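Peer 1: Here's my sequence, what's the structure:
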Amino acid sequence: MKTYSISEVAKELNVTVYTLRYYDKEGLMPFVERTASGIRLFKESDIEALKIIECLKSTGMPIKEIKNFIEWCSDGDSTLQQRYDMFLERKACVEAQMEELKKTMELIEHKCWYYKTALNAGTEEIHKIETSMTN
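Peer 2: Below you'll find the predicted structure:
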């Protein structure tokens, strides 16, 4: 079975070696084996687990809750409902984030239009003229 070094895994996940060491220190990688001298040996399955950790982290999930998830995975089938419920909650969080980003994008698009129109007219006064004409 092929194993990977911490630097290879960091590169694959686009994170720093420090981040992976931090995850290990926080108990997020109990599945990673070590050599007799303490060097971490990552398997494909470890990399896949780390991708899930990165995914959960990107949703804003705190490290402590990610650790709970890792522990649930170790506990096996008795925690399937908890894991499912957690992912439903994460899904709702991401949907809310997407809704907020959509509103942000709408404002940015409006401002792009605003400044493009002003640039084409050579002045922001164009918007004051348009406003007075519609009132």
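Peer 1: Flag the shaky bits of the chain, pLDDT-wise.
Peer 2: 130-135 (pLDDT under 70).
Peer 1: who does the secondary structure element (helix or strand) that N68 belongs to touch, helix- and strand-wise?
Peer 2: Assigned by DSSP states H and E, N68 falls within helix 63-75. The contact analysis (3 or more CB pairs under 8 Å, 6 or more residues apart in numbering; DSSP states H and E) places helix 63-75 against helix 44-58, helix 80-121. No exception for glycine: its C-beta is placed from N, CA and C like everyone else's.
Peer 1: Could you list the buried residues of that helix?
Peer 2: By 16 or more other CB atoms under 10 Å, the buried positions in helix 63-75 come out as I66, K67, N68, F69, I70, W72.
Peer 1: Show me which of these is closest to T59.
Peer 2: Using CB to CB, I66 comes nearest to T59 of the buried residues of helix 63-75, at 9.9 Å.
Peer 1: which residues touch that closest one?
Peer 2: With contact taken as CB atoms under 8 Å, 6 or more residues apart in numbering, I66 is in contact with L28, I53, L56, K57.
Peer 1: go with 6 Å
Peer 2: For I66, the contact set (CB atoms under 6 Å, 6 or more residues apart in numbering) comprises I53, L56.
Peer 1: what does K91 give?
Peer 2: By CB under 6 Å, 6+ apart, the contact list for K91 is empty.
Peer 1: Check F42 too.
Peer 2: Y4, V9, V32.
Peer 1: excluding its backbone neighbours, what's nearest F42?
Peer 2: Y4 (4.3 Å; CB to CB, 6 or more residues apart in numbering).
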